[in-house]
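Trainee: Structure for the following, please:
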Amino acid sequence: MSAKAEHYDVIVKPIITEKATMTAENNGVVFQVTKDSTKPQIKQAVEALFGVKVKAVNTTITKGKTKRFKGQLGRRNDVKKAYVTLEAGNTIDVSTGL
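Mentor: Numbering: from 1, shown residues only. Okay, here's the model as predicted:
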């Protein structure tokens with residue numbers, strides 16, 4: 001497997017929410033990543049795929065909600081998010097896609 005394919009395996013998709021847009025004002029981007037990925041792997045993947053310098057990576061695991069579907073109880077999957085802070089002068093336009 002090539003190195004670029006490994007980077008795409010770490011980053012699932014960018015997250016575009018109101019909170020994620022607020023972090024963009026402070027030179028940050030939010031990505032959904034695989035649960036077993038580490039901060040150094042996330043940093044390496046973002047730097048390789050987007051050609052930017054990463055200052056810091058913070059991660060959170062959001063627990064899945066319990067929801068009803070046609071009367072049956074179900075549970076959404078847990079999601080790991082990476083809040084990536086970029087060095088000054090670097091930007092990523094997540095609206096264009098990967």
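Trainee: Tell me how far the residue nearest the centre of the chain lies from residue 21.
Mentor: The centroid of the chain falls nearest to residue 31 when counting by Cα atoms, centre = their mean (1.4 Å). Distance, residue 31 to residue 21, by Cβ to Cβ, to the nearest Å: 14 Å. Where C-beta positions appear, they are placed from N, C-alpha and C, glycine not excepted.
Trainee: Common neighbours of the two, please.
Mentor: Both residue 31 and residue 21 lack any common contact, where contact means Cβ atoms under 8 Å, 6 or more residues apart in numbering.
Trainee: Now do the buried residues in the biggest helix by length in the chain.
Mentor: For the chain, the longest helix by residue count, based on DSSP state H, is helix 39-50. Under the neighbour-count criterion of 16 or more other Cβ atoms under 10 Å, helix 39-50 has 41-47, 50 buried.
Trainee: Farthest-apart pair in the residues you listed, please.
Mentor: 41 and 50 (14.8 Å; Cβ to Cβ).
Trainee: Who are the contact partners of the residue in the chain sticking out farthest from the centre?
Mentor: Distance from the C-alpha centroid of the chain peaks at residue 71, with 32.4 Å (Cα atoms, centre = their mean). If a contact means Cβ under 8 Å, 6+ apart, then residue 71 has no contacts.
Trainee: isn't there a strand covering residue 22?
Mentor: No - counting by DSSP: H, G, I helix; E, B strand; the rest coil, one finds residue 22 to be helix, located in no strand.
Trainee: That one - how many residues pack around it?
Mentor: As a burial measure, residue 22 scores 11 neighbours (other Cβ atoms under 10 Å).
Trainee: so where do the strands sit in this protein?
Mentor: 11-14, 28-33, 54-62, 66-69, 72-75, 79-86 (DSSP state E).
Trainee: circling back: please look at the residue nearest to the centre of the chain and residue 80 and confirm they touch.
Mentor: No - contact criterion Cβ atoms under 8 Å: residue 31 and residue 80 do not qualify, at 9.4 Å.
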